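no sequence on this one, just coordinates:
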């Protein structure tokens, strides 16, 4: 390192000489670099062509599949005006859930609506078979 500040040229910027000007680059070179960078960004932002135009009246949302119940899922089953028959259950590894009064009902692989319909059907059959309905 230089100990004498007089030996450092005054036109070169350094931490010891922050008042010195940085060398200027040619404006044309800076403009060409900015132009090339903007072209690269524009090309990266449009990786594929745009899709077809669809009128809002003709649009249909892509079909979303409903959630399928899996083994290990926790379910809350509520029976209207029958709190004793309502329960929180976990789907067993064999895909069944055990509900009060109706025992095992298949749940895994079904949607919530399908599992609900299966449980309601079993409940109705057991209720009529027992002479309660």
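Okay, I see it. Quantities reported herein were computed from a predicted structural model and do not represent experimental measurements. Numbering: from 1, shown residues only.

Strands of the chain, start to end?
Per DSSP state E, the chain has strands spanning 74-77, 87-90, 96-99, 103-106. These are given in chain order.

in its sheet, what does the last one sit against?
Using DSSP bridges, the strands paired with strand 103-106 are strand 96-99 (antiparallel).

Do me a favour and average the pLDDT over the strand it pairs with.
Averaged across strand 96-99, the pLDDT comes to 88.

Pull the residues that contact it.
Strand 96-99 has contacts (CB atoms under 8 Å, 6 or more residues apart in numbering) with 75, 77, 85, 87, 89-92, 104-108, 119. C-betas here are computed from N, CA, C, even on glycine.

between those residues, which has the most around it?
Highest neighbour count within these, by other CB atoms under 10 Å: residue 107, with 26 neighbours.

mind putting the strands of the chain in a markdown table, distance to residue 38 included?
Listed next are the strands of the chain as a markdown table, based on distance: least, CB to CB, whole Å:
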| stretch | distance to residue 38 |
| --- | --- |
| strand 74-77 | 53 |
| strand 87-90 | 57 |
| strand 96-99 | 60 |
| strand 103-106 | 60 |
